[in-house]
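# return atomic coordinates for the entry below.
(one chain, ligands or ions: 1)
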Amino acid sequence: MPKSFYITTPIYYVNASPHIGHAYTTIVADVLARYHRMIGENTFFVTGTDEHGDKIAEAAQKAGITPKEYADRISDQFRNLWPELSVTNDYFIRTTDTNHIETVRNILQKVYDSGDIYFGAYEGFYCVGCERFYMEKELVDGKCPDHQTKPEHRKESNYFFRMSKYQDWLINHIKQNPDFIRPERYKNEVLAFLREPLEDLCISRPKSRLQWGITLPFDQDYVTYVWFDALINYVTALDYPDLDKFKMFWPVAEHLIAKDILKPHGIYWPTMLKAAGIEPYRHLNVHGYWNSDQSKMSKSLGNIVRPLDLKDKYGLDAFRYFLLRDMVFGLDSNFSEEAFVQRLNSDLANDLGNLVSRTITMAIKYCDGKVPEINLKEKNSALHEAALKTVAEVESGFNDMSLHKALIAIWDFINITNKYIVANEPWTLGKDPANKEKLTAIMYNLLVALRVIAILLKPFMPQTAEKILRQIGVDESNLDMASIKKGDILKAGSPLTRGESLFPRIVQEKENQTQEKKSSMIDLKPEIDYEEFAKVDLRVANILAAEPVPKSNKLLKLTVDIGEERTIVAGVGKDYTPADLIGKKIVIVANLKPVKLMGVESYGMLLATDTDKGLTVLTFDREAKTGAKIR
Ligand code: MSP
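Numbering: from 1, shown residues only. The predicted structure follows:
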């Protein structure tokens with residue numbers, strides 16, 4: 001019997017259109033669902049919309065339509081967005097669905113019958129934005145701390161859920177299951193809250209004030225408080241009270257939320273479940289907030305980031321990658337398009353994109369366009385060992401919700417593979433037919449590494465993974481972690497095809513603007529025209545010989561080949577020995593007027609930069625031709 005996995009997102013309010021905050025939670029859920037499906041688990045993934053309550057009623061009124069019409073409109077925006085982001089939810093729930101309404105009424109009746117719902121008077125400060133009453137001491141300067149608005153003073157008779165009765169039980173449950181709420185900081189937040197006496201929860205609204213809700217089964221004059229209604233979606237989606245699906249998925253329920261709704265999920269929901277005779281969920285996974293331009297996203301600040309804008313501009317997988325890589329699960333993150341483009345260019349275009357394109361190009365060239373047949377002895381265990389380590393790190397990232405760590409591990413492997421190319425120099429081996437067997441084995445190992453990378457990336461960047469697999473001729477269905485562990489399983493003879501560049505480098509206005517912005521901050525020299533730059537003749541120089549300049553402690557005399565031999569004198573003697581430099585390909589300015597340094601004539605200047613550990617000279621991360629021009 002395969003294991004089961006149940007993942008939920010919050011059901012989103014239909015009073016505003018989706019932005020990257022909603023997209024983030026839902027994409028994280030999608031990555032988890034895809035991963036658990038990939039490792040063979042029976043997976044169920046639910047998202048949806050939360051449609052009742054004051055907030056929606058108010059928004060509909062403003063729009064001049066009925067709440068149902070309003071809810072239909074915005075709910076559709078969410079429902080239609082998810083496929084655009086390659087989100088593979090198995091079910092989309094709406095709290096206006098008939099089966100949900102029935103389940104809510106069923107649970108209310110059950111809790112009412114057991115005596116945990118009572119009728120009483122209530123007076124307090126109500127924030128419409130939060131849909132809840134505040135205690136006076138919770139207000140900041142008399143205002144709701146989240147919405148900065150003055151709550152209404154309300155006095156009414158209502159139904160209450162005896163939440164206080166379950167306080168001790170909840171504290172014990174959290175203590176006995178230390179990862180019930182994770183990461184730990186949010187568990188601590190809930191426990192801190194539970195140090196104060198828990199009040200009972202008002203779970204109704206009189207119809208005289210609000211009609212847009214689920215009528216209480218035991219009093220026609222009241223509708224259900226929106227949180228009591230909404231939280232129940234997580235069991236409606238499993239057909240509760242029918243137990244077939246429920247038994248399979250509820251014991252492994254993983255809720256995913258942001259910190260804004262910790263209290264309803266960490267306190268109301270487990271106590272409601274307990275009162276209804278249902279076991280608590282397995283884990284509450286809480287992430288931080290995406291801010292934009294260092295502030296909370298809001299219409300009035302005009303800093304709302306829309307997922308489809310980014311998808312259209314940069315591509316879906318780049319967008320998914322950025323969200324997942326940039327946020328440390330549990331902490332807040334700031335969205336900036338500049339940071340996005342930088343990551344896209346460095347991690348995706350440079351590291352991953354180049355690895356795939358150069359591997360495929362070389363493999364086609366050296367292996368006749370096919371996955372080569374190889375002799376077992378030639379297999380490289382270093383790359384395989386690294387792949388196994390990566391798999392373990394990715395698995396642990398998934399187990400404790402650190403998806404950014406899983407991605408870091410995958411990128412470490414990508415870089416190890418890139419270094420494997422540089423270290424083995426297939427282009428040099430390719431010059432001599434005697435190296436054929438070694439070269440073939442290296443190319444085979446590289447193709448296997450691409451397969452590993454594609455499999456590991458599948459949950460995160462499904463389209464990219466598929467493109468890579470297509471290029472290396474893989475069309476198997478058993479693409480999972482177990483098949484990576486088995487090692488070299490590429491089918492000899494499968495066709496290799498060069499695809500389009502996976503992630504073209506983004507050189508766009510934004511980058512130019514960035515430069516302009518930076519010019520005031522980083523002390524750039526005055527602008528020059530391209531023509532002026534083109535006067536500088538930069539060349540690839542191969543260092544043939546190096547020796548210290550007598551009596552100087554930092555100058556080295558280098559003999560370099562740039563298509564012709566010449567001497568240059570360089571001040572790198574403190575950071576490099578002659579032996580370090582011989583054989584390196586570096587960049588020199590070849591048309592500087594000659595100068596004499598400590599008696600030695602220098603016909604050029606090498607390029608280098610300072611680091612914390614001394615100077616580092618510019619070299620190439622791919623084989624460069626001696627004497628080639630640098631543009
Ligand atoms: N309807 C309730 C949830 C009921 S669940 C039984 C609700 N809806 S919401 O539309 O406000 O969505 C809140 C959730 O959207 C957050 O918990 C988070 O998952 C996501 N996000 C909305 N804005 C966000 C950010 N700025 N950053 C990260 N996620 C955020 O609350």
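# which ones are touching residue 9?
With contact set as C-beta atoms under 8 Å, 6 or more residues apart in numbering, residue 9 has these partners: 25-26, 29, 46-47, 256-257. Any C-beta I mention is one placed from the backbone N, CA and C, and that applies to glycine too.
# nearest spatial neighbour of it, skipping sequence neighbours?
Once flanking residues are discounted, residue 9 sits nearest to residue 47: 4.3 Å by C-beta to C-beta, 6 or more residues apart in numbering.
# in this model residue 121 seems to touch residue 154, though I could be wrong.
No: if you go by C-beta atoms under 8 Å, residue 154 and residue 121 don't touch, sitting 11.2 Å apart.
# more crowded one of the two?
For residue 154 and residue 121, the more surrounded residue by other C-beta atoms under 10 Å is residue 154, and the numbers stand at 15 against 9.
# now do the SS call for residue 145.
coil (DSSP: H, G, I helix; E, B strand; the rest coil).
# per-residue pLDDT, the closest residue to the ligand within the stretch 451-600 of the chain?
Among the residues of the stretch 451-600 of the chain, residue 460 lies closest to the ligand, at 18.0 Å counting by C-beta to the nearest ligand atom. Looking at residue 460, its pLDDT is 98.
# so what's residue 7 bridging to?
Counting by DSSP bridges, residue 7 is bridged to residue 45, residue 254.
# that one - how many residues pack around it?
With other C-beta under 10 Å as criterion, residue 7 counts 26.
# so it touches residue 46, yeah?
Yes: if you go by C-beta under 8 Å, residue 7 and residue 46 touch, sitting 7.5 Å apart.
# how about residue 272, nearest residue that isn't a chain neighbour?
residue 231 is the one closest to residue 272 (C-beta to C-beta, 6+ apart), at 6.4 Å.
# and the gap between the one you found and residue 190?
For residue 231, the distance to residue 190 equals 15 Å [C-beta to C-beta, to the nearest Å].
# again with residue 494
Distance from residue 494 to residue 190, by C-beta to C-beta: 52 Å.
# okay, those two: which has more neighbours?
Shown here are residue 494 and residue 190; by other C-beta under 10 Å, residue 190 has more neighbours (21 against 15).
# who touches the more buried one in this structure?
Residue 190 neighbours (C-beta under 8 Å, 6+ apart): 174, 181, 262-263, 266-267.
# mind running it again at 7 Å?
Counting by C-beta atoms under 7 Å, 6 or more residues apart in numbering, residue 190 touches 174, 181, 262, 266-267.
# next one: residue 489
Residue 489 touches residue 483, counting by C-beta under 7 Å, 6+ apart.
# now do 10 Å
448, 451, 474, 476, 478, 483 (C-beta atoms under 10 Å, 6 or more residues apart in numbering).
# which SS class is it?
Per three-state DSSP, residue 489 ends up coil.
# state the distance from it to residue 361.
Taken as C-beta to C-beta, the span from residue 489 to residue 361 is 23 Å.
# check residue 112 too.
Residue 112 is 70 Å from residue 361, by C-beta to C-beta.
# just residue 215 next, same as before
Remark: distance between residue 215 and residue 361 (C-beta to C-beta) = 67 Å.
# more neighbours: which of those two?
Between residue 215 and residue 361, counted using other C-beta under 10 Å, the more crowded position is residue 215 (18 against 12).
# hang on, isn't the more buried one packed against residue 207?
Yes: between residue 215 and residue 207 there is a contact under C-beta atoms under 10 Å: 7.8 Å.
# looks to me like residue 551 is in a strand.
No: counting by three-state DSSP, residue 551 falls outside a strand, being coil.
# show me the strands in the stretch 151-300 of the chain, by range?
In the stretch 151-300 of the chain, the strands defined using DSSP state E, counting those that start in this stretch lie at 152-161, 181-182, 201-202, 204-206, 215-216, 219-224, 253-258, 283-287, 290-292, 295-296.
# which residues are common contacts for residue 215 and residue 207?
Common neighbours of residue 215 and residue 207 (C-beta under 10 Å, 6+ apart) are 221-223.
# once you drop chain neighbours, what's closest to residue 246?
residue 238 (4.4 Å).
# what residues are up against that neighbour?
Counted by C-beta under 10 Å, 6+ apart, residue 238 has contacts 6, 8, 44, 46, 91, 103, 244-250, 253.
# try 6 Å this time
245-246, 249 (C-beta atoms under 6 Å, 6 or more residues apart in numbering).
# out of the residues you listed, who's near the ligand?
Contacts with the ligand are made by none of those, judged by C-beta under 6 Å from any ligand atom.
# so which of those sit within helices?
With DSSP state H as the criterion, helices contain 245-246, 249 from among those.
# neighbour-wise, which of the residues you listed leads?
residue 249 (23 neighbours).
# residue contacts, that residue?
Contacts of residue 249 (C-beta under 6 Å, 6+ apart): 4, 6, 44, 238.
# check residue 333 too.
Residue 333 makes contacts with 290, 326-327, as judged by C-beta under 6 Å, 6+ apart.
# contacting residues around stretch 131-142?
Outside stretch 131-142, the residues that reach it (C-beta under 6 Å, 6+ apart) are 53, 124-127, 151, 226.
# could those go into a markdown table alongside distance to the ligand and pLDDT?
What follows is these, written out as a markdown table (distance: C-beta to the nearest ligand atom, whole Å; pLDDT from 0 to 100):
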| residue | distance to the ligand | pLDDT |
| --- | --- | --- |
| 53 | 9 | 93 |
| 124 | 21 | 85 |
| 125 | 20 | 90 |
| 126 | 17 | 88 |
| 127 | 13 | 89 |
| 151 | 18 | 93 |
| 226 | 8 | 96 |
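# what about the residues you listed, which are in strands?
124-127 (DSSP state E).
# helix, strand, or coil at residue 587?
strand.
# burial count for it?
Residues near residue 587, counting by other C-beta under 10 Å: 19.
# dump the residue contacts of it.
Counted by C-beta under 6 Å, 6+ apart, residue 587 has contacts 538, 607, 618, 630.
# tell me what it is bridged to.
Beta-bridge partners of residue 587, as defined by DSSP bridges: residue 540.
# which non-adjacent residue is nearest residue 322?
Nearest to residue 322 is residue 340, by C-beta to C-beta, 6+ apart, at 4.9 Å.
# mind listing the helices for the stretch 51-200 of the chain?
54-63, 67-84, 98-113, 167-176, 184-193 (DSSP state H, counting those that start in this stretch).
# residues in contact with the first one?
Defining contact as C-beta under 6 Å, 6+ apart, one finds that helix 54-63 is touched by 14-15, 67, 70, 128, 210, 212.
# okay then, goodbye and thanks.
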